[in-house]
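Peer 1: Build me a model:
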Amino acid sequence: MALDPSMPILVVDDYQTMVRIIRNLLKQLGFENVDDASDGQAAIAKMRDKQYGLVISDWNMEPMTGFELLQRVREEHALAATPFIMVTAESRTENVIAAKKAGVNNYIVKPFNAQTLRSKIESVCTG
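Peer 2: All right, here's what the predicted structure looks like:
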């Protein structure tokens, strides 16, 4: 199954430069329907307003971390099935395990390129 370029994607990161980088990579992959949120609260609000095909969230954010966002998304019935990819600068095993237990669909360690992003999205969205 091919990736749907019209699939709405939400990028969550408190660092605007990272949001731009991920947006550009998604654009290279053909995705045009990309929204962003600068924190977990804003992400939850946007997810309640719009059905996203994928959430790509940074782990290290204030005041709500990407991990806490993932937990909130999985607890909320209407949002629980949304595919979720966590992005982090450090690949600490305990983080990976915690994220898996909380229901993350995949994990990307920075830095990454368009090919890595594509393969992660394909594994999550065509699974």
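
Peer 1: residues touching the residue positioned nearest the centre of the chain, list them.
Peer 2: What sits nearest the mean C-alpha location of the chain, by CA atoms, centre = their mean, is residue 56, with 1.2 Å. With contact set as CB atoms under 8 Å, 6 or more residues apart in numbering, residue 56 has these partners: 9, 10, 11, 12, 22, 85, 87, 108. (Glycine included, C-beta is placed from N, CA and C.)

Peer 1: Among those residues, which ones are in strands?
Peer 2: Among the contacts of residue 56, the ones falling in strands (DSSP state E) are 9, 10, 11, 12, 85, 87, 108.

Peer 1: what residues are up against the second one?
Peer 2: Translated: residue 10. Counted by CB under 8 Å, 6+ apart, residue 10 has contacts 34, 35, 36, 37, 43, 46, 47, 52, 54, 55, 56.

Peer 1: Adding distance to residue 65, pLDDT and secondary structure, write those out as TSV.
Peer 2: Shown next, in TSV, are the contacts of residue 10 (distance: CB to CB, whole Å; pLDDT from 0 to 100; DSSP: H, G, I helix; E, B strand; the rest coil):
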residue	distance to residue 65	pLDDT	secondary structure
34	22	98	strand
35	20	98	strand
36	17	98	strand
37	14	97	strand
43	12	98	helix
46	17	98	helix
47	16	98	helix
52	19	97	coil
54	19	97	strand
55	14	98	strand
56	15	98	strand
